[in-house]
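S.K.: Quick one, fold the following:
(one chain, ligands or ions: 3)
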Amino acid sequence: MGTILRNGRLLVNGELVIKDILIEGNTIEKIGDGLEIADHKVIDATDKLVTPGFIDMHVHLREPGFEAKETIATGTASAARGGFTTVACMPNTRPVIDTPETVKQILSKAKAEGSARVLPIGAITVRELGKELTDMSALKEAGVIAVSDDGVGIQTSQVMKDAMKVATGLGLPVIAHCEDDSLAEGGCVHEGVFSEKHGLKGIPSEAESIHVGRDILLAEATGVHYHVCHISTVESVRLVREAKQRGARVTTEVCPHHLLLCDEDIPALDANYKMNPPLRSRRDRDALIEGLKDGTIDMIVTDHAPHTAEEKQRGMELAPFGIVGLETAFPLLYTKLVLEGSFTLQEIVERMTKVPADVFNLPWGTLQEGAIADIAVIDLETEKEVNPEDFASKGHNTPFTGWRLKGWPVLTMLEGQVVWQADEMNSEGARQ
Ligand SMILES: NC(=O)N[C@@H](CC(=O)O)C(=O)O
Ligand SMILES: [Zn+2]
Ligand SMILES: [Zn+2]
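M.R.: Numbers count the residues shown, from 1 in each chain. Ligands and ions are numbered 1, 2, ... in the order given. Model prediction:
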């Protein structure tokens, strides 16, 4: 039995157009007006935005090894609640995703317990130690879509160059966490107004940008598709912009928190504002907005990085880096960037759907006849406060608690199946 998603508002050439969507099996069969088929389940999407399911190329699911922080089940449930149908998971698990066996375990667990599609990212180096390359060919065969040592920077240029050569031959993108340890060591926040005020060791901007510059040169020398993780500084944006102008195969991503907050916004020594890279200066934040606007920055990712409450209570210096992001990403971007006027709805939606799909050559991220039915239904009207107690994620570590936002996902469909729906859709909207 199929489904009709009735009366939703779809983005067509930047305009919202009211349409019905007929879903048969896992596929969007038809998009049209007044679609009516006996025996089909009808979901009323009147007044709701209907978009392709979001794609997040940077998520930490923590399983295997750190199940107290998150599991594949809870992390993908969190994704579904945030309107995400595809998440790429980073390899800094225990064991690290550096063997085909671990890749296969994650894929089979995701299939059995997941509420979103999981795309594993394999490690560049064994145990992410930055020394010996993994067997990327075997990792690719097992199903990784890219390689990364996210969580740590690759300190040695030769290791990065060798990795890029192998990845080029295999057609695997190299996704880089850019951090020079000799510059970043011991820092817990950005080197700037906040670190000075509190007498903390800062992480300077160059700790990131120096790797971005180095890696762009190596990418141009090897021809690899090079993707910069969670870009955060004005200099990194400039380097990527110039590389793109030269035609280099360089892409990048930005997180909602770096677009919306800077170090001067940190109210106190609260580790819910601690992440890597850190919240930078206002000037950096403005450069990220501009870079996203002009296409230097390709896509938006969450870098969803759950940690336990106990870990985050250790304070700014001792707590681990990272904040959760899947369940607040779209409401934050919609409320703070679309409603406040710096981006159109279409610009934001594309950077979370079509663009990541195009950049990583994935077959999802569009709403059209014949496409896989990965769909997010979003309430653009109701304002709600961010309350981590409501999260499906095990992680409650967010700096956005109490923010009043609009744009909350109310129903998510993965391959034609409803994987999450808000109570309101359950009781009134969906009729059998
Ligand atoms: N971003 C973070 O602050 N933390 C990430 C690691 C990472 O993305 O570098 C984590 O795994 O916790
Ligand atoms: Zn990282
Ligand atoms: Zn990360």
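S.K.: who's in contact with the helix or strand encompassing residue 349?
M.R.: Using DSSP states H and E, residue 349 sits within helix 345-350. The contact list for helix 345-350 (Cβ atoms under 8 Å, 6 or more residues apart in numbering) reads 11, 14, 16, 49, 51-52, 293, 300, 330, 333-334, 337-338. Every residue, glycine included, has its C-beta placed from N, CA and C.
S.K.: same thing with stretch 256-263?
M.R.: By Cβ under 8 Å, 6+ apart, the list of residues contacting stretch 256-263 reads 189-190, 192-195, 230-232, 273, 275, 277-282, 284-285, 288-289, 292, 300, 302, 323, 325, 328-329, 332-333, 336-337, 399.
S.K.: returning to that earlier point: how about the helix holding residue 349 as PDB, C-alpha atoms only?
M.R.: What follows is helix 345-350, C-alpha atoms only, in PDB (Å, rounded to 0.1, in the frame of the first residue of the first chain):
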ATOM      1  CA  LEU A 345      14.700  29.000   2.400                       C
ATOM      2  CA  GLN A 346      15.900  27.500  -0.900                       C
ATOM      3  CA  GLU A 347      19.500  28.400  -0.200                       C
ATOM      4  CA  ILE A 348      19.500  26.700   3.200                       C
ATOM      5  CA  VAL A 349      17.600  23.600   2.100                       C
ATOM      6  CA  GLU A 350      19.900  23.100  -0.900                       C
END
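S.K.: what's the helix or strand for the closest residue to ligand 1 within the stretch 101-250 of the chain?
M.R.: Here the residue of the stretch 101-250 of the chain nearest ligand 1 is residue 151; by Cβ to the nearest ligand atom that distance is 4.2 Å. Of the helices and strands defined by DSSP H and E, none includes residue 151.
S.K.: Hmm, residue 127 and it touching each other?
M.R.: No: with contact defined as Cβ atoms under 8 Å, residue 151 does not reach residue 127; the gap is 11.2 Å.
S.K.: Look at those two and report which has more neighbours.
M.R.: residue 151 (20 against 16; other Cβ atoms under 10 Å).
S.K.: how many neighbours does the nearest residue to the more buried one once chain neighbours are set aside have?
M.R.: Distance criterion Cβ to Cβ, 6 or more residues apart in numbering; nearest residue to residue 151, sequence neighbours excluded, is residue 92 at 3.7 Å. By other Cβ under 10 Å, the residues close to residue 92 number 22.
S.K.: before we move on, the earlier item: restrict the contacts of stretch 256-263 to contacts with ligand 1.
M.R.: Filtering the contacts of stretch 256-263 for proximity to ligand 1 by Cβ under 6 Å from any ligand atom leaves residue 275.
S.K.: rewinding a little: any idea how far the residue of the stretch 101-250 of the chain closest to ligand 1 lies from ligand 2?
M.R.: 6 Å (Cβ to the ion, to the nearest Å).
S.K.: got a list of what that residue touches?
M.R.: Here residue 151 is in contact with 90, 92, 128, 177 (Cβ under 8 Å, 6+ apart).
S.K.: again with residue 210
M.R.: Residue 210 makes contact with 178, 180, 183, according to Cβ under 8 Å, 6+ apart.
S.K.: Give me the nearest residue to residue 98, chain neighbours excluded.
M.R.: Nearest one to residue 98, counting by Cβ to Cβ, 6+ apart, is residue 123 at 4.1 Å.
S.K.: I'm done for today, thanks for sticking with me.
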